[in-house]
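1. how would this look folded up:
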Amino acid sequence: MSSEQNKAIARRLVEEPWRNLSIVDELAASDYIGHNPANPEPLRGPEDIKKSISSYRAAFPDARTVVEQQFGEGDMVATRWTARGTHDGEHQGVPATGKQVTVSGLTISRLADGKVVEEFQSSDTFGMMQQLTAIPAPTHGHDHVVRGAEGECQARDVGAADYSRGVSKTSQAGAWHLARPDVFRTHKEAA
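-> Numbers count the residues shown, from 1 in each chain. I've put the predicted structure just below:
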């Protein structure tokens, strides 16, 4: 198939299942595998894709994904997309907030015989959780509280320079990785 045909198939798999789950069977190969660092295990086959989308649709019933940009070469397609929806159901332990959420992502798809056989996807899960207020948004140049795997910590006037020297965030656990003990101290130490 041509790159243009492959781009059309990849676009459909990104956009259409949010309105019609059965389209997944037409667009994804039976041996499909989907890799996403936010998932502990890859998605395997069309049924796993449908379960994943159904889970998001339960939390964001009006969710829609729109393709913003695509590049294709041979059997590979890169798709940049934006998803929007209202948080009207529980998602990853966060009760419904009624908030409108926007998430951007990138999916790289490999196709064979007119179907998607493998994908690598990454999206801004951390940003989505911040929009749901499940994770506090970082503030630069001000004291703020961060809740992480190690408990509650208070940052001391953290500015952009501090972030560039080793304080990083991760969407995997929805927590902060505190790489600079001289910048952070526990609430007991701050008192």
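2. so what's Glu119 bridging to?
-> Note on Glu119: beta-bridge partners Gly34, Ser109, judged by DSSP bridges.
3. domain ranges for this protein?
-> Using automatic domain parsing, the domains assigned to the chain come out as 3-131, 142-190.
4. Format these as TSV; extra columns: mean neighbour count.
-> Yep, even glycine has a C-beta here, placed from its N, CA and C like the rest. As requested, the domains of the chain are exported to TSV (neighbours: other CB atoms under 10 Å):
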stretch	mean neighbour count
domain 3-131	17
domain 142-190	14
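5. Kindly reformat those domains as a markdown table and extend each row with mean pLDDT.
-> Converted to a markdown table, the domains of the chain look like this (pLDDT from 0 to 100):
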| stretch | mean pLDDT |
| --- | --- |
| domain 3-131 | 96 |
| domain 142-190 | 40 |
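6. Can you identify each of the helices in the protein by residue range?
-> Under the criterion DSSP state H, the chain contains helices at 3-15, 23-27, 45-59, 125-131, 160-164, 187-190.
7. Can I get the ones you listed in CSV including distance to Ile33?
-> Shown next, in CSV, are the helices of the chain (distance: least, CB to CB, whole Å):
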stretch, distance to Ile33
helix 3-15, 14
helix 23-27, 14
helix 45-59, 8
helix 125-131, 20
helix 160-164, 35
helix 187-190, 44
